[in-house]
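Participant: heads up, no residue letters with this:
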């Protein structure tokens, strides 16, 4: 918990903490030298070399450890102090936390090995053995804590990268579904009206002109919506202003466009929905009506959207040929996309032919 809190602090504060630790170590070692009767020409440089480099341990961890360790070994050999290499442990923690495993292991072996030699040479047996074991525990614990910190940070970074990758994939799938719905609906309407225009152009030019106007309006609307969707991918352009996502309020316009393609649609909507859920309902109705335009026109269709206390129910029923879902072995990507949208909210979805004639799409999506 302490290391996590320290990691969240600004870098300047972390350097300030290291500087404070360096000042403290220098002060303590100067006191050791004074109490031990060591001359100033030796005590002051040793104190500076043991403590001062700790202020830069985050920038140069290996160099800091080398200088501090060497100075502490000299201090032990000259009997300035016999403290258990706490400054070395402080520097070794950073090496273990940020350096590669091979470098960290080498630093641990070098620190413990040279410190043991200094202690065993400067102190008689068995006092030297006890001090050697104690300093090994101190430095080993600092090293283990540093490695644990590095492993945890690597794990958290890996988790964050995986979460970002999943979010990117989900966003791409969402945009792909949006583009499919927009393009499929518009192209279906354009195809129908283009066929009408080609058929009636010689005898009824006014009807052909009307069909071409519908194609133009539909194409323009589709381009606007596609620019809105693709604008999400251009995050570097801060000037892009995205239009609102379609919802229940846009269903009447959707129905009117379908009527131009020869599908008589009656619409019934009760209640209101949040933006995200409203978009889901809009896309379900859009895809269902598109299927009617593609496979059943001319036909009549009833669209019902009922917002209850716990869920919203969507029902789209037409009187066209019901067996069309069997063509191509499963009905294509439209039904799959609708089923996925409903599954995101944990709802239920069904689509299939009715007895005798007709086709029905039903979905129920929880509000919570």
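Facilitator: That came in fine, so what should we check first? This is a predicted model, so every value here is computed, not measured.

Participant: the stretch 1-150 of the chain: helices as residue ranges?
Facilitator: Counting by DSSP state H, counting those that start in this stretch, one finds helices in the stretch 1-150 of the chain at the ranges 2-8, 11-35, 40-51, 61-77, 86-98, 101-122, 127-200.

Participant: looking at those, which is buried most?
Facilitator: Of all these, helix 86-98 has the most neighbours on average by mean count of other Cβ atoms under 10 Å, namely a mean of 24. (Each C-beta comes from the backbone N, C-alpha and C, glycine too.)

Participant: where does residue 203 land in three-state SS?
Facilitator: Taken by DSSP: H, G, I helix; E, B strand; the rest coil, the conformation at residue 203 corresponds to coil.

Participant: so what's the residue count around it?
Facilitator: By other Cβ atoms under 10 Å, the residues close to residue 203 number 8.

Participant: likewise the one 5 residues further on?
Facilitator: Each residue near residue 208 was counted by other Cβ under 10 Å, and the total is 19.

Participant: tell me how far it lies from residue 247.
Facilitator: 34 Å (Cβ to Cβ, to the nearest Å).

Participant: cool, and residue 133?
Facilitator: 72 Å.

Participant: same question for residue 170.
Facilitator: In terms of Cβ to Cβ, residue 170 sits 21 Å off from residue 247.

Participant: which stretches of the stretch 51-200 of the chain have low pLDDT?
Facilitator: 82-83, 124, 127, 167-168, 171-172, 174-189, 191-193, 196, 199-200 (pLDDT under 70).

Participant: dihedrals phi and psi, residue 363?
Facilitator: Dihedral pair for residue 363: phi -140, psi 140, per degrees, to the nearest 10.

Participant: begin at 45, not 1, for the rest of this chat.
Facilitator: In the new numbering, first residue 45, that becomes residue 407.

Participant: gap between it and residue 186?
Facilitator: Counting by Cβ to Cβ, the gap from residue 407 to residue 186 is 60 Å.

Participant: equivalent analysis for residue 350, please.
Facilitator: 66 Å.

Participant: adding distance to residue 295, write the helices of the stretch 45-194 of the chain out as JSON lines.
Facilitator: Listed next are those as JSON lines, based on distance: least, Cβ to Cβ, whole Å:
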{"stretch": "helix 46-52", "distance to residue 295": "47"}
{"stretch": "helix 55-79", "distance to residue 295": "53"}
{"stretch": "helix 84-95", "distance to residue 295": "73"}
{"stretch": "helix 105-121", "distance to residue 295": "63"}
{"stretch": "helix 130-142", "distance to residue 295": "57"}
{"stretch": "helix 145-166", "distance to residue 295": "60"}
{"stretch": "helix 171-244", "distance to residue 295": "13"}
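
Participant: of these, which approaches residue 313 most closely?
Facilitator: Residue 313 sits nearest to helix 171-244 of all these, at 18.3 Å, using Cβ to Cβ.

Participant: now do the helices in the stretch 295-412 of the chain.
Facilitator: So, for the stretch 295-412 of the chain - with DSSP H, counting those that start in this stretch - the helices run 295-304, 319-339, 376-388.

Participant: any idea which of the ones you listed is most buried?
Facilitator: Of those, the one with the most neighbours on average (mean count of other Cβ under 10 Å) is helix 319-339, at a mean of 23.

Participant: what angle separates that one from helix 295-304?
Facilitator: 10 degrees (axes from the mean of the first three to the mean of the last three Cα atoms, to 10 degrees).

Participant: who are the packing partners of helix 319-339?
Facilitator: The contact analysis (3 or more Cβ pairs under 8 Å, 6 or more residues apart in numbering; DSSP states H and E) places helix 319-339 against helix 171-244, helix 295-304, strand 307-314, strand 343-351, strand 355-362, helix 376-388, strand 403-410.

Participant: quick one: buried residues of the third one?
Facilitator: Translated: strand 307-314. 307, 309, 311, 313 (16 or more other Cβ atoms under 10 Å).

Participant: so which of the residues you listed is the closest to residue 164?
Facilitator: Distances from residue 164 to those, taken by Cβ to Cβ, are shortest for residue 313, at 87.3 Å.

Participant: any idea what the closest one is bridged to?
Facilitator: residue 349 (DSSP bridges).

Participant: wait, it touches residue 298, no?
Facilitator: No. Here residue 313 does not reach residue 298: they are 11.3 Å apart, not a contact under Cβ atoms under 8 Å.

Participant: which non-adjacent residue is nearest residue 100?
Facilitator: residue 108 (5.8 Å; Cβ to Cβ, 6 or more residues apart in numbering).

Participant: oops, could you answer that again for residue 190 instead?
Facilitator: residue 140 (2.9 Å).

Participant: that concludes my questions; thank you for your assistance.
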